[in-house]
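Asker: Following is a predicted model, sequence given first.
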Amino acid sequence: MRDWLLACGIKTVAMESTGNYWIAPYQILEDAGIEVFLVNARHVKAVPGKKTDVCDAQWLQHLHAAGLLNKSFRPSKEIVPLRYLMRHRGQLVEAAAQSIQHMQKVLTEMNIKLHHVFSDLDGVSAMRIIKAILGGQRDANQLWQLRDGRCKATREKFSAAIQGDWRDEYLFVLGQSVERWHETRRHLAACDEQIAQLTARVQGVTNEAVPKATGKRGGKNDFAFSIRDEAWRFYGVDLEAIDGVGTGTLAALMSELGTGEQILRNFRSGAAFASWLGLCPNNKITGGKIIQAKTRKVANKVATALRMAAFGLGHSKSELGHYVRRMKGRLGKAEGITAGAHKLARIIYAMIQTRTPYSEPTACRSGPQATRRRLKNLQAAAAKLGFQLIPNQQLA
């Protein structure tokens, strides 16, 4: 197909995304220098006449020749391998979590309640005790000595939690779960090394020194290298300074969208960026009346990461935390989290566009419409209580 298209002098082609079958021809044509328009099938599904593969292809060619097809977003060639490995890493993290859950299930069936003593089964203390149990140790006093000194559980609670049913079938399955967990962690470390190499090859927008860290705590599934340093090189601003944004959000931005220049080249404004993420209302208007204002259903990993960041702001004392709680109170929990994710997306785009550090007063500044609405609510509340608001001339 590639050779035939090149022989015909074809410069651009259009194709629909069908599962993962489109990836191989897309990459082959892209490497040959042919511009490929990856089309959303939902936009061209209304094909007149009998629907067949031949008719679909002819209709796509006709629309593409008339310039009526929009190209779907796809990262640059240097970002695609990074995105592929980052998604694979997410699957490894899920597999490790499943192994931990299976370990806890087996321990519960053995009547061992280690999860009542230790917060994490994959922590240092719990893993030492599990390995000792698999090695044949049954004495509670000997197992108690293996804990970390920072463990706050009492000896009596530990002794009660370790009274197990030591059946061979349980020990066999527990051993396999532990081996699978260690194997997944080794694969995860190897994947981190490969991701670090691919990330270093990407040309960033700045080589300036990274500002001082914000002091946010990392998680046990963090990368083996500094995502914050690479994000600074990608975007030229410290996006981690935004409350709620952590390494997971930065990793999603870097692997799914690329550098700051690539984001600005593909999305003309913050509104277009939020629309592509599916974080803004998809208003359906008829006769000047909005009949539906729900967001579009999109499967977007960046939008998911931003929603997780907004969910984490639920207990934050920052202005963004107050904003998310206010939106959840007005719109509902799910809609409020989406509004918070939309706010984060607009802030991130503005910081990348202007290359200015994060400022909470600027990011959470109310617009004229919000100020008028707040004043109207205050006047209504004061009137209901029998008071009247008087403007302060000095502040005015």
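Answerer: Everything's here; your move.

Asker: and the closest residue to residue 318 other than its chain neighbours, which of the three is it?
Answerer: In space, and not counting its chain neighbours, residue 318 is closest to residue 243: 4.4 Å by CB to CB, 6 or more residues apart in numbering. C-beta here means a position set from N, CA and C on the backbone, and glycine is covered the same way. Secondary structure for residue 243, judged by DSSP: H, G, I helix; E, B strand; the rest coil, is coil.

Asker: Number of residues surrounding residue 243?
Answerer: 21 (other CB atoms under 10 Å).

Asker: what's near enough to touch it?
Answerer: 313, 316, 318, 320, 321, 360 (CB atoms under 8 Å, 6 or more residues apart in numbering).

Asker: please redo it, this time with the cut-off set to 6 Å
Answerer: 316, 318, 320 (CB atoms under 6 Å, 6 or more residues apart in numbering).

Asker: out of these, which are inside helices?
Answerer: In helices, defined here by DSSP state H, the members of the contacts of residue 243 are residue 320.

Asker: State the distance from residue 393 to residue 169.
Answerer: Applying CB to CB, to the nearest Å, the value for residue 393 to residue 169 is 82 Å.

Asker: neighbour-wise, which of those two wins?
Answerer: residue 169 (9 against 6).

Asker: Just the pLDDT at that one, thanks.
Answerer: Note on residue 169: pLDDT of 94.

Asker: what are the ranges of the helices in the stretch 101-250 of the chain?
Answerer: 124-134, 140-144, 155-161, 168-201, 227-235, 247-257 (DSSP state H, counting those that start in this stretch).

Asker: For the shortest one, list every residue counted as buried.
Answerer: Within helix 140-144, the residues that qualify as buried by neighbour count (16 or more other CB atoms under 10 Å) are residue 143.

Asker: got the contact list for it?
Answerer: Outside of helix 140-144, the residues within contact range by CB under 6 Å, 6+ apart are 129, 132, 155, 158, 159, 162.

Asker: How far does stretch 225-238 sit from its chain's centre?
Answerer: The chain centroid and the centroid of stretch 225-238 are separated by 16 Å under CA atoms, centre = their mean, to the nearest Å.

Asker: Look at residue 38 and tell me its secondary structure.
Answerer: Per three-state DSSP, residue 38 ends up strand.

Asker: what's across from it in the sheet?
Answerer: Beta-bridge partners of residue 38, counted by DSSP bridges, are residue 15.

Asker: Kindly state the pLDDT recorded for the closest residue to residue 203 other than its chain neighbours?
Answerer: The shortest distance from residue 203 to any non-neighbouring residue, by CB to CB, 6+ apart, is to residue 259 (7.5 Å). Residue 259 is assigned 94 on the pLDDT scale.

Asker: same thing with residue 73?
Answerer: Residue 73 carries a pLDDT value of 91.

Asker: in the protein, which ranges drop under the pLDDT threshold?
Answerer: Scanning the chain for pLDDT under 70 picks out the ranges 46-51, 394-396.

Asker: any idea how it splits into domains?
Answerer: In terms of domains, the chain is parsed into 2-65, 80-199, 207-287+294-365 (source: automatic domain parsing).

Asker: Scan the contacts of residue 243 and report the most crowded one.
Answerer: Going by other CB under 10 Å, residue 320 tops the contacts of residue 243 with 23 neighbours.

Asker: mind checking how far the residue nearest to that residue when sequence neighbours are not counted is from residue 353?
Answerer: Excluding the flanking residues, the one nearest residue 320 by CB to CB, 6+ apart is residue 243, at 5.0 Å. To residue 353, residue 243 is 20 Å away according to CB to CB.

Asker: repeat for residue 274
Answerer: Using CB to CB, residue 274 is found at 13 Å from residue 353.

Asker: between those two, which one's more packed in?
Answerer: Higher neighbour count among residue 274 and residue 353: residue 274, with 22 against 16, using other CB under 10 Å.
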